[in-house]
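Student: starting from these lines, generate the structure:
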Amino acid sequence: MAILGERSTVVVLREVFNGVRRFDDMQRHSGVPRQVLSNRLAMLVDEGILRRVPYRPEGGRERHEYRPTAKGLDLYPVLTALAEWGARYVADPEGPAVEMRHRDCGEPVHVALECGAGHRLDDPREVVPAPGPGAIAVR
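Tutor: Residues are numbered from 1 along each chain as shown. Okay, here's the model as predicted:
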């Protein structure tokens, strides 16, 4: 959460995943203040979640757009889960503003829990936290 904890960070990632990758476009679409947007983009680049790709508008100076790295793309299921939750619990009565759909068939995409043996877990209560290899015993 040290990386994703700020609301504006999730908004920036949403914009990038929706194909809005240039600073001015991101600022206009998201409404995030310029300095906050600049700080969030710099942090996401420093964390290896986004990478800066240069481009030069015709007649202009070199600028950068922001594209997800492999590490950034691994966050896509997290944002999809948040979008699915929002569609279920906080969308307008008409429905959500955006739906996640499978590019090939057009059907809605849902995030699912699955164990390493391939069992789909339909109830989150089927999941139990267990100490991992990096756990430190608390005294």
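
Student: check what pLDDT residue 138 gets.
Tutor: On pLDDT, residue 138 comes in at 83.

Student: repeat for residue 32
Tutor: Per-residue pLDDT puts residue 32 at 95.

Student: likewise for residue 57?
Tutor: Taking residue 57 on its own, its pLDDT is 88.

Student: residues near the spatially closest residue to it that is not a sequence neighbour, how many?
Tutor: Nearest residue to residue 57, sequence neighbours excluded (C-beta to C-beta, 6 or more residues apart in numbering): residue 63, at 6.7 Å. For glycine as for every other residue, the C-beta is placed from the backbone atoms N, C-alpha and C. By other C-beta atoms under 10 Å, 14 other residues sit near residue 63.

Student: please name the bridge partners of residue 63.
Tutor: For residue 63, the beta-bridge partners are residue 55 (DSSP bridges).

Student: that one against residue 23, yeah?
Tutor: Yes - Residue 63 is in contact with residue 23 according to C-beta atoms under 8 Å; the separation is 7.4 Å.

Student: where does this protein dip in pLDDT?
Tutor: Low-confidence segments of the chain (pLDDT under 70): none present.

Student: go ahead and confirm residue 108 touches residue 96.
Tutor: No - the pair residue 108 / residue 96 is not scored as a contact, 10.3 Å apart, by C-beta under 8 Å.

Student: higher neighbour count, those two?
Tutor: Using other C-beta under 10 Å as the criterion, residue 108 and residue 96 rank with residue 96 on top: 14 against 10.

Student: wait, what's in contact with that one?
Tutor: 83, 86-87 (C-beta atoms under 8 Å, 6 or more residues apart in numbering).

Student: over to it: give its phi and psi.
Tutor: For residue 96, the backbone dihedrals (degrees, to the nearest 10) come out as phi -70, psi 160.

Student: do the one 5 residues further on as well
Tutor: The phi and psi values for residue 101, taken as degrees, to the nearest 10, are phi -130, psi 150.

Student: who's it bridged to?
Tutor: Beta-bridge pairing for residue 101 (DSSP bridges): residue 108.

Student: how about residue 3, nearest residue that isn't a chain neighbour?
Tutor: Residue 3's closest residue in space is residue 47 (C-beta to C-beta, 6+ apart), at 5.6 Å.
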